[in-house]
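Participant: give the three-dimensional model of this entry:
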Amino acid sequence: MRVWGWPVWLSIMVGIGLASMLHLTVGAKSIPWSDVWQALVAYDPSNSDHSVIQGSRLPRLWVAMAVGACLGLAGTIMQAVGDNPLADPGILGINSGAALFVVVGLLVLPGNDMSMIPLFAFSGALVAAVGVMLLAGRTPNPVRLTLSGAMMAALSGAITAILLLLDQQGLDSLRRWLTGSLGIAGANLPTWLWPYLAAGVVLCLINVRALNAYRLGAQVASSMGVNLLRMRLLSLAAVVLLSGCAVALAGPIGFVGLVVPHAARLLVGHDLRRLLLATPLLGGLLLILADVVARTLVSPYELNTGIVTALIGGPVFVALVLRKMK
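Facilitator: Numbering: from 1, shown residues only. Model prediction:
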């Protein structure tokens, strides 16, 4: 049974608000909600709790929302254009390709530093996406596309592991980033993020009508005047931009782009116009909650958020595969 209308959107927004307050409250040190509110509306630099909120937890919350939105949108576009319910930037190897290029750029090519991560991430995401499309063929079916992505992910992961084994110091410096961590972006969201994120969202919106028509089949979409090559190229560009932003911010966090589109369809249906609004919200909500679990599950120690999303997404992936087989 699907729920439609404003109660769904209100529930999502309330959920994001409550999850955000929980995210700001819990951690290595619990801070009362009243102090969190005061830190947001009447910041006092001399108050240590206010400094923790403004200097650490609030920026991390923004990163969680941005990364979740990017991965949710990227997964939705990939599942729509590939007609594949198992599509996800992580499963299809795009995140692994981006991570590989970052490792190569930082550890192999001389003279680069962490400021080059966005460029390497976008390049790796593009190469991986094009590689998967070439391996899958001109008319890929969902199984072949998934296998091609799994092969790309395995190859990229193997090369990355070899490079890191040869450079122990590089392994130590990139260990947290490689398993997906929201705490590595710094005190504020990087200024380079917004143009790429905005461009990815705009490409999704430009393509929404064509993707909705494509749900009826390639032949029907062509008869309705949809340029399939243009649709696929725009989708590829959007996925590369969104996945590259997510990987550059927090490393290769998996399964968010897989789980979120399915949850959104249960709530708002299959219309891409609704999905492209719901999936970034639900992606941000999922990653906020995952980060709360990562910071509290083994307190006072902290798990990387990518580990928590894998624990959540792994069973969902198995369930989807079994349902697809039936």
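Participant: just give the nearest non-adjacent residue to residue 137, would you?
Facilitator: Once flanking residues are discounted, residue 137 sits nearest to residue 144: 6.6 Å by Cβ to Cβ, 6 or more residues apart in numbering. (Glycine included, C-beta is placed from N, CA and C.)
Participant: host element of the one you found?
Facilitator: Using DSSP states H and E, residue 144 sits within helix 142-166.
Participant: about what we covered before: wait, isn't the residue nearest to residue 137 in contact with residue 136?
Facilitator: Yes: the pair residue 144 and residue 136 passes the contact test of Cβ atoms under 8 Å, sitting 5.2 Å apart.
Participant: look at those two and report which has more neighbours.
Facilitator: Remark: of residue 144 and residue 136, residue 136 carries more neighbours, 22 against 14, as counted by other Cβ atoms under 10 Å.
Participant: ok, now which ones touch the closest residue to residue 290 other than its chain neighbours?
Facilitator: Leaving aside its sequence neighbours, residue 290 sits nearest to residue 308 (Cβ to Cβ, 6+ apart; 4.4 Å). Listed by Cβ atoms under 8 Å, 6 or more residues apart in numbering, the contact partners of residue 308 are 290-291, 293-294, 297.
Participant: on that earlier part again, contacts for the helix holding residue 144?
Facilitator: Here helix 142-166 has contacts from 82-87, 90-97, 99-100, 103-104, 107-108, 124, 128, 131-132, 135-137, 140, 170-171, 174, 178, 324, using Cβ under 8 Å, 6+ apart.
Participant: neighbours of residue 97, just the number please.
Facilitator: Residues lying near residue 97 (other Cβ under 10 Å) number 34.
Participant: so how far is residue 196 from it?
Facilitator: Per Cβ to Cβ, to the nearest Å, residue 97 is found 17 Å from residue 196.
Participant: and the helices in the stretch 201-326 of the chain?
Facilitator: Under the criterion DSSP state H, counting those that start in this stretch, helices of the stretch 201-326 of the chain are mapped to 218-223, 228-250, 256-268, 272-296, 305-325.
Participant: ok, the stretch 1-150 of the chain next?
Facilitator: 6-25, 33-41, 48-52, 58-82, 94-103, 117-136, 142-166.
Participant: what's the angle between the fifth one and helix 256-268?
Facilitator: This means helix 94-103. With axes from the mean of the first three to the mean of the last three Cα atoms, to 10 degrees as the basis, helix 94-103 and helix 256-268 are set at 150 degrees to each other.
Participant: got the contact list for helix 94-103?
Facilitator: By Cβ under 8 Å, 6+ apart, helix 94-103 touches 74, 89-90, 117, 120-125, 127-129, 131-132, 149, 152-153, 156-157, 159-160, 163-164, 170, 174, 177-178, 239-240, 243-244, 246-248, 251-254.
Participant: can we see that at 6 Å?
Facilitator: With contact meaning Cβ atoms under 6 Å, 6 or more residues apart in numbering, helix 94-103 is reached by 89, 117, 120-121, 123-125, 127-129, 153, 156-157, 159-160, 163, 243-244, 247, 252.
Participant: quick one: buried ones out of those residues?
Facilitator: Using 16 or more other Cβ atoms under 10 Å as the burial test, these include 89, 117, 120-121, 123-125, 127-129, 153, 156-157, 160, 163, 243-244, 247, 252 as buried.
Participant: most centrally placed residue in the chain?
Facilitator: residue 71 (2.4 Å; Cα atoms, centre = their mean).
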